[in-house]
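Enquirer: sequence unknown, structure follows:
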Ligand code: C2E
Ligand code: CA
Ligand code: CA
């Protein structure tokens, strides 16, 4: 597009030519040179002819000079135009994959011709599964290469359509539908293409994807809404597992709105310190003394009304709040633990995603140091799922924790699918038999055999066994008879606030516990 400056220069050149032609015409008409010549001769002593010649030559040189400057100017203008175009391109494209970005899509939304197509439009939201692991384990350079490969695969499936990178590991594809196209099948093509192994520097990386899609005009009338809806569907797909494709249905949006609200509530609750640890006693079944407490997070929304941790802990994990929440709870729990007996253990739950956080140990040790709770009084409860999902990183994190003197308990033992392999490959300090075994072991011969075997395993490995969920006395007695080391459950004490644990300690809780376990 010619700029204002180029146009003006053109007009000025034309005006100059017209002026020149007019003066030339006038000079011809008045026979100017001969007249001037006579005049110059008459006044020879003023050197007017030399001055006139000098002016003429200077004028001609000025003309050459102007042409050269104009050329320079036009080059400069061209350079600026190219730079402006580059800036526009950069602002609307992702420099890594060279795909257009969210901003580009937003600018096309202003153009009504982009929609609608004859048979409608479909929007696919694609989010990678397991990408964070690649970044964490192989570094950001390799992560970038994975993103490039994914972008290439998407553009090769949709050469004529619009593939966008919305940032991070999120891609969006907008396609024009053809007839009664099977959109789930299109989504599956995306999943299959992305799940093909990617080889980087000789290492093979497996990346999954979650895909959600929505349709125009059936689900929404605008592209903006369609993107929101396909995002909703993608989120639902991600929640249900890996490599899944989901079509948008309105109920998904309600769930998302609810989730966004709950996330905001959770943030506020954390800010107002409304989430606090409760403590449930861990009782030595031989001596019947309380040897420690498990900290269990409680979110009290109104007096006596609680959101269960099984709801808000996963929410905190998804919303990226788990690190902050854990730090908050852990600090309070350590401070509270200082008011218990000198050797009473604080058992603290660590959620699976945190075992891929290499700084976990450092953060916990920092808080322990600041509060002044000795390391040997801390025990962390981890579940098998953490060890299964990303075994190598989890192992590294656990090694760091153990090296610094923290005990590790394997929680919910028996509910995972590779319990024994975890046990044989890692030295835990404690195993907690999942509540589901304790609930049924009295009525089921097989369950009793399993519990018996776990206790024997504990003896063999030199690891203490805790039985969770002891609710009645016969369960307690049976577990004592089987030689179980530690017990936990409503019979021995429900989770309660710190003040109650102190009261129990003052009243010599063991008396009460002994009464509970008396034949
Ligand atoms: P968990 O670690 O297996 O904790 C034991 C759960 O069983 C607790 O549920 C406890 O209240 C409950 N329980 C204890 N004794 C009995 C009993 O005799 N009968 C029955 N029916 N239940 C019993 P809660 O507090 O709802 O916690 C649920 C899960 O949430 C915990 O399972 C733990 O995995 C997680 N959680 C709790 N607090 C935290 C936390 O601070 N951080 C993390 N990452 N996870 C937490
Ligand atoms: Ca636990
Ligand atoms: Ca447990």
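Expert: In hand now; what should we look at? Because the structure is predicted, anything quoted here is derived from the model rather than measured. Numbering: from 1, shown residues only. Ligands and ions are numbered 1, 2, ... in the order given.

Enquirer: Would you map out the domains in this protein?
Expert: 2-92, 102-248, 280-292+345-517 (automatic domain parsing).

Enquirer: Tell me which of the ones you listed sits nearest to residue 338.
Expert: domain 280-292+345-517 (6.1 Å; Cβ to Cβ). Heads up, the C-betas are built off the backbone N, CA and C, glycines and all.

Enquirer: Would that closest one count as contacting ligand 2?
Expert: Yes. Applying Cβ under 5 Å from the ion, one finds domain 280-292+345-517 in contact with ligand 2 at 349, 381, 411.

Enquirer: Where neighbours are concerned, which of those has the most?
Expert: Counting neighbours by other Cβ atoms under 10 Å, residue 411 comes out on top of the residues of domain 280-292+345-517 next to ligand 2 with 25 neighbours.

Enquirer: hey, what's that one bridged with?
Expert: With DSSP bridges as the criterion, residue 411 is bridged to residue 383.

Enquirer: which one's the longest strand in the chain?
Expert: Counting residues, the longest strand found in the chain (DSSP state E) is strand 290-302.

Enquirer: Pairing partners for it, with directions?
Expert: strand 275-284 (antiparallel), strand 305-307 (antiparallel), strand 345-349 (parallel).

Enquirer: any idea which helix or strand carries residue 263?
Expert: Under the criterion of DSSP states H and E, residue 263 resides in helix 250-271.

Enquirer: chain center to that helix, what's the gap?
Expert: Computed by Cα atoms, centre = their mean, to the nearest Å, the chain-centroid distance of helix 250-271 equals 17 Å.

Enquirer: Could you check that helix and say which residues are buried?
Expert: In terms of neighbour count (16 or more other Cβ atoms under 10 Å), helix 250-271 has its buried residues at 252-253, 256, 259, 262-263, 265-266, 269-270.

Enquirer: follow-up on the earlier one: out of the residues of domain 280-292+345-517 next to ligand 2, which is nearest to residue 277?
Expert: Nearest to residue 277 among the residues of domain 280-292+345-517 next to ligand 2: residue 349, at 9.7 Å, using Cβ to Cβ.

Enquirer: Correct me if wrong: the closest one contacts residue 295.
Expert: Yes. Here residue 349 lies in contact with residue 295, judged by Cβ atoms under 8 Å, at a distance of 7.1 Å.

Enquirer: How about the secondary structure of the closest residue to residue 489 other than its chain neighbours?
Expert: What sits nearest to residue 489 in space, not counting adjacent residues and going by Cβ to Cβ, 6 or more residues apart in numbering, is residue 470, at 3.1 Å. Secondary structure, DSSP: H, G, I helix; E, B strand; the rest coil: residue 470 is coil.

Enquirer: could you list every residue that touches residue 470?
Expert: 438, 476, 479, 487-492 (Cβ atoms under 8 Å, 6 or more residues apart in numbering).

Enquirer: Lowest average confidence across helices and strands of the protein, where is it?
Expert: Here the helix or strand of the chain ranked lowest by mean pLDDT, DSSP states H and E is helix 509-517, holding a mean of 47.

Enquirer: got the residues of the stretch 301-450 of the chain near ligand 1?
Expert: For the stretch 301-450 of the chain, the residues in contact with ligand 1 (Cβ under 6 Å from any ligand atom) are 308-310, 313, 329, 349-351, 381, 411-412, 435.

Enquirer: Using CSV, lay out these together with secondary structure.
Expert: Shown next, in CSV, are these (three-state DSSP):
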residue, secondary structure
308, coil
309, helix
310, helix
313, helix
329, helix
349, strand
350, coil
351, coil
381, strand
411, strand
412, strand
435, helix
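
Enquirer: Output the contacting helices and strands for the longest helix anywhere in the chain.
Expert: Taking DSSP state H as the assignment, the helix of the chain that covers the most residues is helix 48-92. Applying 3 or more Cβ pairs under 8 Å, 6 or more residues apart in numbering; DSSP states H and E, one finds that helix 48-92 makes contact with helix 4-29, helix 32-42, helix 102-109.

Enquirer: And those: which comes nearest ligand 3?
Expert: Proximity to ligand 3, assessed across the helices and strands packed on helix 48-92 by Cβ to the ion, is greatest for helix 102-109 (42.5 Å).

Enquirer: Hmm, residue 463 is touching residue 431, no?
Expert: Yes. Judged on Cβ under 8 Å, residue 463 makes contact with residue 431 at a distance of 5.6 Å.

Enquirer: more neighbours, the two?
Expert: Neighbours were counted for residue 463 and for residue 431 using other Cβ under 10 Å; residue 431 has more, 26 against 17.

Enquirer: List the strands paired with the helix or strand encompassing the more buried one, with their directions.
Expert: Secondary structure assigned from DSSP H and E places residue 431 in strand 430-433. Sheet pairing of strand 430-433 (DSSP bridges) gives strand 407-413 (parallel), strand 464-467 (parallel).

Enquirer: average pLDDT for that strand?
Expert: Computed over strand 430-433, the mean pLDDT rounds to 94.

Enquirer: and the protein, which residues reach ligand 3?
Expert: 411-412, 468.

Enquirer: closest to residue 50 among the residues you listed?
Expert: residue 411 (107.0 Å).

Enquirer: who are the neighbours in contact with that closest one?
Expert: Contacts of residue 411 (Cβ under 8 Å, 6+ apart): 349, 381-383, 432.

Enquirer: now swap in residue 479 and tell me
Expert: 285, 438, 451, 467, 470, 487.

Enquirer: Verify the contact between residue 439 and residue 469 for me.
Expert: Yes. Between residue 439 and residue 469 there is a contact at 6.1 Å, judged by Cβ under 8 Å.

Enquirer: on that earlier part again, from the contacts of residue 470, list the buried ones, please.
Expert: Buried members of the contacts of residue 470, counted by 16+ other Cβ under 10 Å: 438, 476, 479, 487-489, 491-492.
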